[in-house]
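Peer 1: Pasting the sequence and the predicted model now:
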Amino acid sequence: MYNKFSDTIAEAYKQVELFNEIASNLDNVTIDSLDNQLSFVYEELVETIDALEAGDDEELLDGCADLFVTVAGLMQKLDAAGFKVAEAITRVNENNLSKFNSTGNFQPPNTNAVYNKQYDLYSFLDKETGKIRKPTNFLSVDLEGTYVKGFLKGEI
């Protein structure tokens, strides 16, 4: 299910990368620079939550866009440090899609099985939060080979 929104996201990611290259943010990525970037993500998340709670439509949308920019910056810094971000995203997305099944079997407790006729798949929604839950036979994502072992401990 591809649409023009995908093109917009790809172009926006490139623009964030251009910004980071001009600012030299992708040179010599350190734990401190990652921590700094995460503080930007957190700041934008708080502003977005505040906008939602205040009923401010414009600030909600601005916060959503700013979250994308700051998270893209974090991904680009990780990539510059040797992490295989694109591969990790692919693996995580494929793993998330494995939460759905065609039989409705392996339903976790305290969930409702919801059938999607268009895709002929079931999901399991938590009765309290509405979050999609993992089936009982779910296997966690394997990110081996996509991260730099020891980076955060300064072992490289």
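Peer 2: Ah, there it is.

Peer 1: going forward, measure contacts and count neighbours with C-alpha atoms only.
Peer 2: Will do.

Peer 1: So, low pLDDT: which residues of the protein?
Peer 2: 1-2 (pLDDT under 70).

Peer 1: Tell me which stretches of it form strands.
Peer 2: 111-116, 121-126, 132-133 (DSSP state E).

Peer 1: list the helices and strands the shortest one packs on?
Peer 2: Okay, so that is strand 132-133. Using 3 or more C-alpha pairs under 8 Å, 6 or more residues apart in numbering; DSSP states H and E, the elements in contact with strand 132-133 are strand 121-126.

Peer 1: What lies in contact with the strand it packs on?
Peer 2: Applying C-alpha atoms under 8 Å, 6 or more residues apart in numbering, the contact partners of strand 121-126 are 99-104, 107-108, 110-116, 131-135.

Peer 1: Kindly report the same for stretch 61-68.
Peer 2: The contact list for stretch 61-68 (C-alpha under 8 Å, 6+ apart) reads V41, E44, L45, E47, T48, A51.

Peer 1: Perfect, that will be all.
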